[in-house]
Each structure stands twice: as C-alpha cells, then as structure tokens.
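[1] Got a predicted structure here, sequence first:
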Protein chains: 2
Amino acid sequence: MKRTMINRMKGAAFLFLLVFGQAYAQTDPLPSWNDGAAKKAIVEFVKTTTTKGSPNFVPPAERIAAFDQDGTLWVEHPVYSQIIYCLDRVGALVKEKPELKDREPFKTVLSGDREAIAKLSMKDLFEIVLATQSGMTVEQFSADVKKWLATAKDPRWKRPYTELTYRPMQEVLKYLRANGYRTYIATGGSTGFVRVYSEQVYGIPPEQVAGTTQPFKYGYDKDRRPILTREPKIALDNLDAGKIENFWLLYGRRPYAAFGNSSSDDQQMLEYVKAGSGARLSVLVMHDDATREYAYGPAQGLPDTKVGTLSQAMYDMAKKQGWTIISMKNDWKSIFSFDK
Amino acid sequence: MKRTMINRMKGAAFLFLLVFGQAYAQTDPLPSWNDGAAKKAIVEFVKTTTTKGSPNFVPPAERIAAFDQDGTLWVEHPVYSQIIYCLDRVGALVKEKPELKDREPFKTVLSGDREAIAKLSMKDLFEIVLATQSGMTVEQFSADVKKWLATAKDPRWKRPYTELTYRPMQEVLKYLRANGYRTYIATGGSTGFVRVYSEQVYGIPPEQVAGTTQPFKYGYDKDRRPILTREPKIALDNLDAGKIENFWLLYGRRPYAAFGNSSSDDQQMLEYVKAGSGARLSVLVMHDDATREYAYGPAQGLPDTKVGTLSQAMYDMAKKQGWTIISMKNDWKSIFSFDK
C-alpha cells in the first residue's frame, strides 16, 4: 500500500473511534442514576413516545414535560430560597416605607430572631412576599434578584442557591430535550423570580416558566417611557390544583410528563398528566436521604415540615395510579453537580 | 477534457442553477405587498435584527413577534367571529338552562331580531360570551368551536371565517419565522377559542396564543377521571394595557415586533414594544379599503364602529413614535388568499 493510503486509513480509523467512542460513552443518558425501576421508567417513557412507529409515539409539537422546582429540581429545605430572598429584602422595604417597621410580620423579621422567624405562618410569609416583590418595574425586580443570587449562600453547603440543583434531574432535563421534549417549570414560587435564572440554571427559557404570578400595571416613568410595575396582588395562584389549571391556561396543552414532590402543590398536576391518553409519565421525588440532602414527609414516617411534604394519601395515589417514585437515597448516585 | 469531467461540470452547473434559481425566486418574501414604506420597514427590520454583525442583531431566543388577531390577521368587521359563535351558542345554552330564555340579553338574541342584536352593548355581549363559554371541559369547548368553524360562514364572502385571513399578513408571519422569529398571537378574544385553529390557520401553536382567559376548575367526571372545566369568570383581561401586561406575565419578554390595529386594544402593546432598546417594529394596520374589505376609523375621517376603531390620537402617536402604518388599500396587492 502507498504511504498516503495508509495515512488515510489511519485517519478513517481515528474518526471511527472518535465518533463511535463518543456515541458509546453517551449511551447512558442518566449516568447519575442507579439502575432501578425509576430510571427504567423514565428511559422507557422517552423511547416509547419518541420512536417512530411506536403505538405511543408523540409528535414533537406535543412533547411537553413540566417540572415543579422546589424539592424537585433544587433543594427546598428548610426554607424556600425565594422566601429567604424576600426576608432579606425587608430591610430595604422598611427604608422605603418606615411605617412597616413596627408592624407584624415585618417587625419579627427585622428583630433577626431566627426562632421567631421560623415560626411565621404561611399567611405572614405570603404578606412579606407580596410586600417585598411589588412597586418596582419588571426590570428593577429582575436586577435585584440577580444581585441577590450572586451573593446569597445556603448555610449548609455554603454555595449559591443556584448550585443546589439535583444533578440527576439536570440529566433528565437534558435527556428529554435531546429527544425533542420542551421542558417547562410549573412552580408555586413566583414566576418573575424563577425566570431570572431558569435559562442559565436549567436551560429553560422565561416563556416556559409558569409560577404564581403578580399582575403588572402599565404606566410611564419620569421620562414618559412606558413601564410595567409589579402589583401587590395575585393574578395566577399556582398552588394545589392551580398548578395544572394555570398550565392549561398558559399553554393549552396537557404535558406528557410531570415531575413533582409535594402533596400540597403537585398532586393534581401529576394526577392530571397521568390520566391523559397514551404513555404518560408522572414522577414523584421522595426526600429520604438525610445524609446527602434531607429526609422529610409523613409517607416515610418522617417529620412533616412546613414545605414540600409528601403525605401518605399522595403516596398511596402514586402507587395506585402507577406513578414513578424516586427514592433520592436509592435511585441517585450523586445529588449535586459539585458532588464527587 | 474527459467525458466524466464534463458530466461532473454539467452536474455542478445544474446544481448551481437549482440552488441560485430558487434563491432568486425567493428574493421577495412579501409578494402580496406593493413596494412602499411599510414593506420596506418590515424587510429592513428583519435584516437588521437577524444579520450577524449588525448593531441591532437580536439573538434567536429573543426573536419574538406579537400579533393582534381581529382586524390585524383576519376580518373583524362588522362583528368579531367569536361573538357570532357565542350568539349561535345561545340556543344550546337555553336548552341547558331554560331560566335564561326570558332574561336579557339572551331574550333579544333568541328573538332573531338582527337590528336589536346589533344594538347590544359590550356589557351584554360580554355576558353572553361568559355564559356560552363556560361549564364545559376544555376538550368539550374545543370540539364545539371546531364543529362551528367547519360550518359557519361569513355572509359577505360566503366562506368559513378561517379563510378570511389577510394574505399579506400570512406572508409576514412566514417571513418572520423563516428568519428565526417566533410568532405569537396577543388577542382581546378568548384564548381557548383562538387556540382551536391557530396552528392550522396561522402556523402558531396553542402555547403561543395569549388572549382574554377564563379560569379553569379542577374536578372529576363521573368515572373519577380528572377534568378541567371552564369557569364563568375572567382570569386575564387581555384588552387595552392588559394585552402587554399579560404578555409579560405569560412569557417574560418584550416582543421585538408587534402588529395591531385598534386604539382600544393595541395602543399600549405597540407603544411598549417600540420603546424597547435596539431596533423595534410596531405596525398599525389601517382599514381604508371599502371595496376589497372595509373602511372604518375616525383617524381617516371614516365611521367609528363598535370594533377595532383607529382613533386620531393613536394615529398621531404612531406618527410621532415612528410606527409603521399599513394602508390596506395602498400597501396590499391582494387581501385574501382566495383573491385572484
């Protein structure tokens, strides 16, 4: 053989190894998952809904997957990150409106008494959320959230909150998108808060984030430029059944897959998705790993916490309706992207 | 030259002609438009926002264009198609709820007295819309709208309403999409109504249709399957400033281009879009063609009608802020796809 011919063959072999070697390395789309029923159910769902000729084939335009955020995509315990943001904002709010200083629940927040703050009711927290997240333009609010996210840190992991996302769920997001699914967030949290980082953190663009939403008011700034200002009201309440009611309101489709963890917020969404025709995937994340994350929820005989609890009734519903249940302890090899 | 070489060159020439011939045939993306300021503004906007290296370049993820529907994408005169649908549904409604038979405004609708019906107030029509578009599941409502659209015809053109879309605007939708823009509908009409045909008629999927929206109620049918039922309320009012307030609420972005025609519904959206940074396109469709379509609106000294009127104030605003104004009479070679 001529020398050039040999070189060409070498080149071809190299290319072969490069292409097939990569393909081989990529055959496991969920490397942070242990083999088990949960991983199997996710992979089989994707295969059966995206393989041409499959009786469960779903046209690309209808491939929609909805993800709860807190407790499903990132850590929600012991307090939702967004609540911490709002508590941190109370100081600035009181500077603008000094009359709030001696009024509850703001007074308690300003006292810095951690135990008293931890005891605030959901109604109190809700009042704080509305008060701290309104009155500014949409751009001012986004800028303030961005600034906070850049410096605030979770006390346990000593990292920005945006790093506390679950690596196995990030793999699911990418795996679904690689198979033509569009991924949405359906959160009880504020839409405007999550949209600030959804693209960077989850690869989910703002128009695919549905959450609890304050209305905007059209007006003008001092230079007569039109502005949208956040109002201290609720336009769409994305808790409980609201999560799936509003998903239809916003997008006019029933998702083919949904992921959640909380009895109070995700039950109806998971039930409604599973009740659709063809192959549907409803997935429940169970927080049962006290060592690597947290363990809570009556379904496992664990403490009932303020946030994201899994009730026995929802666990039974999941079993009965054939939802996929994820045990963080058993199904996930690693929890965070910074895990070794 | 060897024969094979000549054949190869022939092949190359053929390919060249194929590719460039097609490109040449496609150089006018808006063939139903007369050359003029409006066409030029649209083409220049697309070029400057999609050409790499242009100071006004817009990343693909941010390329969003919003279109009002009635009077902008299809005929709205003399009555919105959706209102005709609701009036047609009053008979079926009264069968379900006989107590409405002797109550206004239902009584007038049932009388069949066209003159009296034409005189119903917006409040009356609104009551009819809510009454006829609620109580059923989302699937039942879609099926009913679909059935109606298949048989109902516009009395002037004797064609289904879905054929009364403007050919020049259909070209704009396709032209924008061919350049990486996602096209949205921002309508004062009901989201659930427009979503039934938006994909087929405009190539716009349901999740990109934002309109006035009734809320849904989660519940169960007789077989204990979860359902969403339309409620006789308003969750999002998409009229006036609501159109742009809700666009932000739903998608979290300011569109780069917006198209509208009505002072009461599109003014704030067009103003807000135009006020954004970089190159922005706000377009106003002027109904000034009594022969081929309709002519109405005080801005042109024409009759002020119930629907979609263009006020003098909005026309002045358009001129002052540099919006693009379309004269249907002068800018459009043809109006409908069925025109010769």
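    Thanks, I have the structure now.

[2] you'd agree residue A:253 is up against residue A:65?
    No. When contacts are counted by C-beta atoms under 8 Å, residue A:253 is not listed as touching residue A:65 (11.0 Å). Yep, even glycine has a C-beta here, placed from its N, CA and C like the rest.

[3] Of the two, which one has the most company?
    Using other C-beta atoms under 10 Å in any protein chain shown as the criterion, residue A:253 and residue A:65 rank with residue A:65 on top: 23 against 20.

[4] Test my guess that the more buried one contacts residue A:179.
    No. Taking contact to mean C-beta under 8 Å, the distance of 10.0 Å between residue A:65 and residue A:179 leaves them out of contact.

[5] in what helix or strand does the nearest residue to residue A:191 once chain neighbours are set aside lie?
    Setting aside the residues directly before and after it, residue A:191 is nearest to residue A:211 in space (C-beta to C-beta, 6 or more residues apart in numbering or on different chains), at 3.7 Å. Assigning secondary structure by DSSP states H and E places residue A:211 in strand A:209-212.

[6] which strands and helices sit next to that strand?
    Using 3 or more C-beta pairs under 8 Å, 6 or more residues apart in numbering or on different chains; DSSP states H and E as the contact criterion, the elements in contact with strand A:209-212 are strand A:182-190, helix A:191-194, helix A:242-251.

[7] Now do the buried residues in stretch A:177-184.
    For stretch A:177-184, a neighbour-count test (16 or more other C-beta atoms under 10 Å in any protein chain shown) marks A:179, A:181, A:182, A:183, A:184 as buried.

[8] Just the endpoints, please. Distance across stretch A:94-104?
    The first and final residues of stretch A:94-104 sit 12 Å from each other (C-alpha to C-alpha, to the nearest Å).

[9] now that stretch: how far from the chain's centre is it?
    Relative to its parent chain, stretch A:94-104 has a centroid offset of 33 Å by C-alpha atoms, centre = their mean, to the nearest Å.

[10] show me where pLDDT drops low in the stretch 151-300 of chain A?
    Filtered on pLDDT under 70, the stretch 151-300 of chain A yields no residues whatsoever.

[11] residues in it within reach of chain B, list them.
    Residues of the stretch 151-300 of chain A found near chain B, taking C-beta under 8 Å from any C-beta of the partner chain as the criterion, are A:191-192, A:195, A:199, A:205-207, A:209, A:213, A:215-218, A:225-226, A:228, A:235-236, A:241, A:244-245, A:248-253, A:268, A:271-272, A:275.

[12] ok, residues contacting stretch A:106-126?
    Under the criterion C-beta atoms under 8 Å, 6 or more residues apart in numbering or on different chains, residues A:78-79, A:83, A:86-87, A:90-91, A:93-94, A:100-101, A:104-105, A:128, A:131, A:306 lie in contact with stretch A:106-126.

[13] Show me which residues of it are buried.
    Result for stretch A:106-126 [16+ other C-beta under 10 Å]: buried residues A:106, A:108, A:109, A:110, A:117, A:120, A:124, A:125, A:126.

[14] CA-only coordinates of that stretch in PDB, if you can.
    As requested, the backbone C-alpha atoms of stretch A:106-126 are provided in PDB (Å, rounded to 0.1, in the frame of the first residue of the first chain):
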ATOM      1  CA  PHE A 106     -42.100  42.800  59.400                       C
ATOM      2  CA  LYS A 107     -41.200  43.600  63.000                       C
ATOM      3  CA  THR A 108     -40.300  40.000  63.700                       C
ATOM      4  CA  VAL A 109     -38.200  39.700  60.500                       C
ATOM      5  CA  LEU A 110     -36.300  42.900  61.500                       C
ATOM      6  CA  SER A 111     -35.700  41.500  65.000                       C
ATOM      7  CA  GLY A 112     -33.400  38.900  63.500                       C
ATOM      8  CA  ASP A 113     -34.800  36.400  66.000                       C
ATOM      9  CA  ARG A 114     -34.300  33.200  63.900                       C
ATOM     10  CA  GLU A 115     -36.600  31.100  66.000                       C
ATOM     11  CA  ALA A 116     -39.400  33.600  65.800                       C
ATOM     12  CA  ILE A 117     -38.900  34.000  62.100                       C
ATOM     13  CA  ALA A 118     -39.100  30.200  61.600                       C
ATOM     14  CA  LYS A 119     -42.500  30.300  63.300                       C
ATOM     15  CA  LEU A 120     -44.100  32.800  61.000                       C
ATOM     16  CA  SER A 121     -47.200  31.400  59.400                       C
ATOM     17  CA  MET A 122     -47.700  30.900  55.600                       C
ATOM     18  CA  LYS A 123     -50.100  33.900  55.700                       C
ATOM     19  CA  ASP A 124     -47.300  36.000  57.200                       C
ATOM     20  CA  LEU A 125     -44.800  34.800  54.700                       C
ATOM     21  CA  PHE A 126     -47.300  35.500  51.900                       C
END
